[in-house]
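# predicted coordinates and the sequence they were generated for:
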Amino acid sequence: MSSFPNNISISVLTGFLGSGKTTILTSLIKQKQMANAAIIINEFGEVGLDHDLIETTDENVIELQNGCICCSIQGDLKTTLLNLIKKMEKGIISPFNHVIIETTGLADPVPIIHTLMTSLDLQRIYSLDGVITVVDSINGDTTFNTHEEAIKQTAFADVIILSKTDITNKETVNFLIKRIRNINPKVDVIKSNKKNLPVAKLLGLNDYNPQNKDWKVRKWLEIEKIKSSNHLSNHHEHDVNRHGDNIETFAMVTSIPVSMTSLNFFLEILMSQMGEDILRIKGILNIKGKSCPAVIHGVQHIFHPLEWLEKWPSNDRKSRLVFITKNINKNTIDDFFKIIGENELNKG
């Protein structure tokens, strides 16, 4: 291990569902400063998408799909980071000098930060450079009101990236910045521009220091320390597709190419009847008549225009939609989803 750096920096990229983390990550890894970075993506749910959506085939991209990184797979995170070094030594992956961990939007950052800061095995090799949190300027205020994870993600941040400011009015943005300052007075707030991300402001933040954060950050870390010492966090059954009693994730998959008409009909039904309780929809779609896949992103009542990848990231041509919902039964959406398939079969 001596032939490799023993102080590899780690950046934690977090932010609530639909805030735009994957878009930011895609932009980051295209920067020349990130040429030697390894990426760890934490997927929450039964079907992984982010690996496909960041538009890279680099072998240094690792997926953690066993559940939410904040509660069920902290051990996997540690093992993955240590295994990255072993793989680099064996030449299985190319040398890297930086790691970016993209958390699921539901992640409580406290256990993640605690693991990175207290594991002696990790500290021999890695140092926590900083926490980058993406905040959705459209839904950010509502998210703060209803999800404590979003508050913690902001409180622990060294840098806040405000996304979607180009489609949000100035009054909303200014109000949200004030609220962010109330949560984390010292944080640097950047309005996002995915075509020109200020990488210098996101990397090289130096060793993470919770003493510079609000007192609640130190309190949360102290509670996590007590939980870890008592081994409480590892002694519970955890459904990898659930995050609390009322939030769960599930996927809809179809091998039948989807027409734009059927897709729009499906989305209109969902948004009109249960938009507030759909925390996020993310998917890759095989659109009838198109040779390239479409990427869809939706948060509550807002759906962004389809984006098109240059090519399919793998041989899998199935359409995959991943939902994260609140108080919605999978069967309810499944019934709507079947409408698409039935419409397409009838047309065929």
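That came through, no problem.

# the stretch 101-250 of the chain: helices as residue ranges?
Listed in chain order, the helices of the stretch 101-250 of the chain (DSSP state H, counting those that start in this stretch) span 109-118, 120-123, 140-146, 148-155, 170-183, 199-202, 215-229.

# next, format those helices as a markdown table and append distance to residue 320.
Heads up, the C-betas are built off the backbone N, CA and C, glycines and all. Output for the helices of the stretch 101-250 of the chain, formatted as a markdown table (distance: least, C-beta to C-beta, whole Å):
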| stretch | distance to residue 320 |
| --- | --- |
| helix 109-118 | 26 |
| helix 120-123 | 33 |
| helix 140-146 | 25 |
| helix 148-155 | 25 |
| helix 170-183 | 32 |
| helix 199-202 | 30 |
| helix 215-229 | 34 |
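
# with respect to residue 29, which of the ones you listed lies nearest?
Closest to residue 29 of the helices of the stretch 101-250 of the chain, according to C-beta to C-beta: helix 199-202, at 10.4 Å.

# which other helices and strands contact that closest one?
If you count contacts as 3 or more C-beta pairs under 8 Å, 6 or more residues apart in numbering; DSSP states H and E, helix 199-202 packs onto strand 159-163.

# neighbouring strands for the strand it packs on, and are they parallel or not?
Here strand 159-163 has these sheet partners by DSSP bridges: strand 126-136 (parallel), strand 188-191 (parallel).

# show me what the last one is in contact with.
The list of residues contacting strand 188-191 from outside it, by C-beta atoms under 8 Å, 6 or more residues apart in numbering, reads 158-162, 165, 173, 177, 180-181, 198, 201.

# ok, residue 159 touching residue 205?
Yes. Counting by C-beta atoms under 8 Å, residue 159 sits close enough to residue 205 to count as a contact (7.2 Å).

# any idea how far apart the tips of stretch 249-268 sit?
The stretch stretch 249-268 measures 20 Å between its terminal residues, going by C-alpha to C-alpha, to the nearest Å.

# make CSV from the helices of the stretch 101-250 of the chain and add mean pLDDT, mean neighbour count and distance to residue 190 to it.
Listed next are those as CSV, based on pLDDT from 0 to 100; neighbours: other C-beta atoms under 10 Å; distance: least, C-beta to C-beta, whole Å:
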stretch, mean pLDDT, mean neighbour count, distance to residue 190
helix 109-118, 86, 21, 19
helix 120-123, 91, 12, 28
helix 140-146, 91, 17, 14
helix 148-155, 92, 22, 13
helix 170-183, 95, 14, 11
helix 199-202, 80, 15, 6
helix 215-229, 78, 14, 20
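
# what's the closest of those helices to residue 268?
Nearest of those to residue 268, taken as C-beta to C-beta: helix 140-146 at 21.8 Å.

# run the chain-centre distance for that closest one.
17 Å (C-alpha atoms, centre = their mean, to the nearest Å).
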